[in-house]
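fold the stuff below for me.
(chains A and B)
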Protein chains: 2
Amino acid sequence: MEEELRSLLQDLESFKLSTSDRPDLVDQMKQRVVRIGDLAKPGAGKRSKVKDMSAEVVDSNPYSRLMALQRMGIVENYEKIRDFSVAIVGIGGVGSVAAEMLTRCGIGRLLLYDYDTVELANMNRLFFRPDQVGMTKTDAAVQTLSDINPDVVLESYSLNITTVKGFEIFVESLKEKPGKSGVDLILSCVDNYEARMVVNQACNELGQTWMESGVSEDAVSGHIQLLVPGETACFACAPPLVVASGVDERTLKREGVCAASLPTTMGVVAGLLVQNTLKYLLKFGQVSPYLGYNSLKDYFPTMQMRPNPQCSNSACVERQKEYIQSKPARDAAAKAKMEADASAKSEGPVHLDNEWNISVVDDNEVDVPNSSNTSDRLPDGLVHELPSADKYTQPLVAEEASPIADDLEDLQRQLDALNAS
Amino acid sequence: MEEELRSLLQDLESFKLSTSDRPDLVDQMKQRVVRIGDLAKPGAGKRSKVKDMSAEVVDSNPYSRLMALQRMGIVENYEKIRDFSVAIVGIGGVGSVAAEMLTRCGIGRLLLYDYDTVELANMNRLFFRPDQVGMTKTDAAVQTLSDINPDVVLESYSLNITTVKGFEIFVESLKEKPGKSGVDLILSCVDNYEARMVVNQACNELGQTWMESGVSEDAVSGHIQLLVPGETACFACAPPLVVASGVDERTLKREGVCAASLPTTMGVVAGLLVQNTLKYLLKFGQVSPYLGYNSLKDYFPTMQMRPNPQCSNSACVERQKEYIQSKPARDAAAKAKMEADASAKSEGPVHLDNEWNISVVDDNEVDVPNSSNTSDRLPDGLVHELPSADKYTQPLVAEEASPIADDLEDLQRQLDALNAS
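Okay, the predicted model is just below:
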């Protein structure tokens, strides 16, 4: 279109030179062409970058509702989100929505990996638009995300991490380099076992914490899982809960056959995954080690898995040894922190000043929860929507009803029982 | 821009008439203008309408992954979704995402209600884009949704349902009229008590089933709830679980003060809401009467609430009477259905033919679940990702750990206990 506009301007110019009739009208037409060019620019409605996140409550502040998490006593320092880098592997039904959520939350840097292109068949899930059909998923994602939030640094890699070359570039891109931080977390949003094993390998080698996600082939269940090399089970430690037992997954994906998918299930899994990510990065709430979602029954099992000392992945076994060796140092650090917290408490709250100078109502009428307080207090006039899980004298739901597999044997026994039934 | 293009064409036309110089060049310029207009059309990358939903697995089929729900044995007849009309009240952080999910699922007709405009302060939630700032939320939603799926009939109402005039138009728009069906379900995605009471009033008057949703002011919990006038508690039957006790909510929304919100929590709530909607409309899985989401602990309470015979809402009390009076007819219908199902079973499956002629592998190798079968069977080589909740000998989580308030007194007692604590 730009080319057409440029040509039109040239035509008008040559017309003006070749005739003495109505030069004013020609000038008027030229101005119209320039205005059309301005209106057609893709950035016409874009917002400009924001230097600092402000908590000011005005309609023009894209961060006001996020910074309010501090005033509500949920997050101690929301703006810290700008310091974090998150890598998302697989920009499909879950990964694309996870990327959009993190972008809207104002994450510092987002690294996106996928080798696929957008198809109309993807339109039953959120994020991609029909006009992006044919683009690589990473290009389409960068196009959409940079419009939504220009403050986020986006790096996109259109490559297949399961190839030797792709794996090399993938691992290099995750490393800390001069003038460039490493990543704080990797989110695996791929749709096959092979790619998960590759992410697992890279994370075990780098000692990189990551979160795994998945949605079942029948579209009605899914899960998220936190994996900390050496500390929790890695993806090779235990047979995965989604298993293509015996049959090569690729035969399921051959021409004429496709898995079902729903925007609902994928949206819920992406939401739970990024919520867990925010809790992990910004240190609030409880980070879930594993959370399942059975949508037919609205049932959400949880569990924990310790690493397998006989894991077939040698990098995992090395990380396990390091984790055990570092136990005395961890214990000492934990003890020091507890003591520091205790002495800080006796000296009164550390963050007594109200940095953002906000109060819900007059200070006389209500206590503004100080920003280091992540307790259950709410402004005057509000009560919590849901009863806190603490208030039940019974054990926590999840722990009650879900299999807590404290060691591998337990888990194996449970899986065997399930497979046998 | 269209206006500018139209004016430019008029200028060129009048120029052509007023001068005899180079009419060919003027025509050439006019052609350029038309081409620019075509290129600038928002529909440049739009997909065309699809007459019938096909299960064919090709990249160009936007419904292949949804129709696969039939082959997977989850949904009996997915295409029926085109017969349904859903109204969404409140096109904010939850309502807009719910609208997008239903649009991508290919819902027949979507009615959207909101009186607000898009602001940059909304950009921390999914759906709206910075270039839509200043548009009404309903206009912006129609713009985005019609691009995503032109098969969905969109009706938008930019009005405030809490005004007398707005309420009138709202109720009229929901009614069945000659040549126009009523709505099958209303989703309430509003952010205040007053608007919820108005939806409640309309639904009680019309005997209209609806689902309520909400997210807490601190952004970290939410809920969905099914309301069937006469059969379940209405919104006035019981004190709502989110209460602005004593304090007028509007004082909380005044200048300089805003609630926190997160794209994660709102995305999860929208996903759970639309999943419940799909289960309700397409008759699969269990429709949840109430489902809560506490994101700090990944805790999901459920409960059921019977209506209050002393409800202050007279329309609710009338619906309750009708429901009790219709009990013999309901029992007879249920009995007839059970008998029909039993005799159908003894005659073998009804849907023996494979309408879409799809098989996962050769028919010799695997049983294709017939489409009326919503059991737990999966194609060969796959096992279920999550253990089925049935497999636990313990009672269902939700029922075990959550307050099942079978009558109002129980619920009131629980709420009193929570408020007192």
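
quick check: the residue of the stretch 101-250 of chain A nearest chain B.
Residue nearest to chain B within the stretch 101-250 of chain A: A:D131 (2.4 Å; CB to the nearest CB). C-beta coordinates here come from the backbone N, C-alpha and C atoms, glycine included.

you'd agree that residue is up against B:K46?
Yes - using CB atoms under 8 Å, A:D131 is in contact with B:K46, at 6.7 Å.

need the residues touching each of these two.
Listed as contacting both A:D131 and B:K46 by CB atoms under 8 Å, 6 or more residues apart in numbering or on different chains are B:D147.

the two - which one has more neighbours?
A:D131 (18 against 15; other CB atoms under 10 Å in any protein chain shown).

how close does the more buried one sit to B:L145?
14 Å (CB to CB, to the nearest Å).

and A:L5, which helix or strand is it part of?
If you go by DSSP states H and E, A:L5 is part of helix A:2-18.

so after that helix, what's the next helix or strand?
Assigned by DSSP H and E, the successor of helix A:2-18 is helix A:23-40.

name the helices or strands packed onto that following helix?
helix A:2-18, helix B:2-18, helix B:23-40 (3 or more CB pairs under 8 Å, 6 or more residues apart in numbering or on different chains; DSSP states H and E).

pretty sure A:I107 contacts A:D83?
No - assessed by CB under 8 Å, A:I107 is found out of contact with A:D83, at 9.6 Å.

among the two, which residue is more densely surrounded?
A:I107 (26 against 13).

give the helix, strand or coil label for that one.
coil (DSSP: H, G, I helix; E, B strand; the rest coil).

what ranges do the strands span in chain A?
A:85-89, A:109-114, A:153-158, A:185-188, A:210-215, A:221-227, A:290-294 (DSSP state E).

now the helices and strands packed on helix A:23-40 in a markdown table, with mean pLDDT, mean neighbour count and distance to B:S181?
Shown next, in a markdown table, are the helices and strands packed on helix A:23-40 (pLDDT from 0 to 100; neighbours: other CB atoms under 10 Å in any protein chain shown; distance: least, CB to CB, whole Å):
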| stretch | mean pLDDT | mean neighbour count | distance to B:S181 |
| --- | --- | --- | --- |
| helix A:2-18 | 72 | 15 | 45 |
| helix B:2-18 | 72 | 15 | 34 |
| helix B:23-40 | 72 | 16 | 36 |
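
before we move on, the earlier item: make a markdown table out of the strands of chain A and add mean neighbour count, mean pLDDT and distance to B:D151.
Putting the strands of chain A into a markdown table (neighbours: other CB atoms under 10 Å in any protein chain shown; pLDDT from 0 to 100; distance: least, CB to CB, whole Å) gives the following:
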| stretch | mean neighbour count | mean pLDDT | distance to B:D151 |
| --- | --- | --- | --- |
| strand A:85-89 | 24 | 98 | 30 |
| strand A:109-114 | 24 | 98 | 27 |
| strand A:153-158 | 17 | 95 | 31 |
| strand A:185-188 | 25 | 98 | 32 |
| strand A:210-215 | 25 | 96 | 24 |
| strand A:221-227 | 25 | 96 | 27 |
| strand A:290-294 | 24 | 97 | 28 |
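
now for those, which one comes closest to B:G285?
With respect to B:G285, and counting by CB to CB, the nearest of these is strand A:290-294 at 9.0 Å.

packing partners for the helix holding A:L5?
With contacts defined as 3+ CB pairs under 8 Å, 6+ apart, helix A:2-18 has these neighbours: helix A:23-40, helix B:23-40.

quick check: which of those helices is nearest to A:I88?
Nearest to A:I88, of all those, is helix A:23-40, at 31.6 Å by CB to CB.

next, the angle helix B:2-18 makes with that closest one.
Computed by axes from the mean of the first three to the mean of the last three CA atoms, to 10 degrees, the angle separating helix A:23-40 from helix B:2-18 equals 160 degrees.

nearest to A:A195, out of the helices and strands packed on helix A:2-18?
helix B:23-40 (38.3 Å).

any idea how far B:V33 is from the residue nearest to A:R35 when sequence neighbours are not counted?
Nearest non-adjacent residue to A:R35, counting by CB to CB, 6 or more residues apart in numbering or on different chains: B:E4, 5.7 Å away. For B:E4, the distance to B:V33 equals 10 Å [CB to CB].

repeat that for A:T264.
Applying CB to CB to A:T264 and B:V33 gives a distance of 45 Å.

repeat for A:S295
Taken as CB to CB, the span from A:S295 to B:V33 is 52 Å.

now A:V220
On the measure of CB to CB, A:V220 and B:V33 end up 52 Å apart.

before we move on, what about A:F128?
32 Å.

what of A:C234?
Taken as CB to CB, the span from A:C234 to B:V33 is 62 Å.

I'd like to know which of the helices and strands packed on helix A:23-40 is closest to A:M135.
Across the helices and strands packed on helix A:23-40, closest to A:M135 is helix B:23-40 (CB to CB), at 17.5 Å.

for the closest one, C-alpha coordinates in PDB please.
C-alpha atoms of helix B:23-40 as PDB (Å, rounded to 0.1, in the frame of the first residue of the first chain):
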ATOM      1  CA  PRO B  23      -7.700  12.400 -18.500                       C
ATOM      2  CA  ASP B  24      -5.800   9.000 -18.700                       C
ATOM      3  CA  LEU B  25      -3.600  10.100 -15.900                       C
ATOM      4  CA  VAL B  26      -6.600  11.100 -13.800                       C
ATOM      5  CA  ASP B  27      -8.200   7.600 -14.400                       C
ATOM      6  CA  GLN B  28      -4.900   6.000 -13.500                       C
ATOM      7  CA  MET B  29      -4.900   7.900 -10.200                       C
ATOM      8  CA  LYS B  30      -8.500   6.900  -9.500                       C
ATOM      9  CA  GLN B  31      -7.600   3.300 -10.000                       C
ATOM     10  CA  ARG B  32      -4.800   3.700  -7.500                       C
ATOM     11  CA  VAL B  33      -7.200   5.100  -5.000                       C
ATOM     12  CA  VAL B  34      -9.500   2.200  -5.300                       C
ATOM     13  CA  ARG B  35      -6.600  -0.300  -4.900                       C
ATOM     14  CA  ILE B  36      -5.500   1.600  -1.700                       C
ATOM     15  CA  GLY B  37      -9.100   1.300  -0.500                       C
ATOM     16  CA  ASP B  38      -9.000  -2.400  -1.000                       C
ATOM     17  CA  LEU B  39      -5.700  -2.800   0.700                       C
ATOM     18  CA  ALA B  40      -6.800  -0.800   3.700                       C
END
